[in-house]
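> My questions are about this predicted structure, shown below with the sequence.
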Amino acid sequence: MVRFTLKCTFVLLVLFLGVLIGMQTANDGIKKMKGYDDPALASAFEVNQSDQGEMEASVLGEKVTSHDLEKKKERLEEMKAYNVFSAIGKKLGDALTSFVNNIIDLL
């Protein structure tokens, strides 16, 4: 069952990366067909460095920053929403951490 899950996860990751690469290739093809650079056509995924030295990422034309993620996290905490998958992930992570620590202690 674990091998099946790993295989499915790997296949989904490869397909997702394939979609991103395909979108970028299609964007480049559209630019070549037009013959000029249109600022309305954004790349599928861009990473730039700002003047202050911070890294800025853009996915599908929307800028992603750590501040946005922190705001979303605060908003979720305010809503006091309970995420089952988050709870399972925390328990699994804690169990794995304790398991690895026990193995290291035995060695």
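That came in fine, so what should we check first?
> what about residue 31, neighbour count?
14 (other Cβ atoms under 10 Å). To be clear about C-beta, it is placed using only N, CA and C from the backbone, and glycine gets the same treatment.
> Would you mind measuring from it to residue 86?
40 Å (Cβ to Cβ, to the nearest Å).
> how about residue 55, phi and psi?
phi -90, psi 130 (degrees, to the nearest 10).
> Touching, it and residue 46? I think so.
No. Using Cβ atoms under 8 Å, residue 55 is not in contact with residue 46; the gap is 10.9 Å.
> show me where this structure has helices.
For the chain, the helices defined by DSSP state H occupy 2-34, 66-79, 84-106.
> Which of those helices has the lowest mean pLDDT?
Among the helices of the chain, helix 66-79 has the lowest mean pLDDT, at a mean of 74.
> CA-only coordinates of that one in CSV, if you can.
Listed next in CSV are the C-alpha coordinates belonging to helix 66-79 (Å, rounded to 0.1, in the frame of the first residue of the first chain):
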residue,chain,number,x,y,z
SER,A,66,5.8,34.8,2.7
HIS,A,67,3.7,37.8,4.0
ASP,A,68,0.7,36.5,2.0
LEU,A,69,1.1,33.1,3.5
GLU,A,70,1.3,34.5,7.0
LYS,A,71,-1.9,36.6,6.4
LYS,A,72,-3.7,33.5,5.2
LYS,A,73,-2.5,31.5,8.3
GLU,A,74,-3.6,34.3,10.6
ARG,A,75,-7.0,34.4,8.9
LEU,A,76,-7.4,30.6,9.2
GLU,A,77,-6.5,30.8,12.9
GLU,A,78,-9.1,33.5,13.4
MET,A,79,-11.7,31.3,11.8
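> about what we covered before: comparing residue 55 and residue 46, which shows the higher neighbour count?
Higher neighbour count among residue 55 and residue 46: residue 46, with 14 against 10, using other Cβ under 10 Å.
> contacting residues for that one?
57-58 (Cβ atoms under 8 Å, 6 or more residues apart in numbering).
> Give the bridge partners for it, please.
Beta-bridge pairing for residue 46 (DSSP bridges): residue 58.
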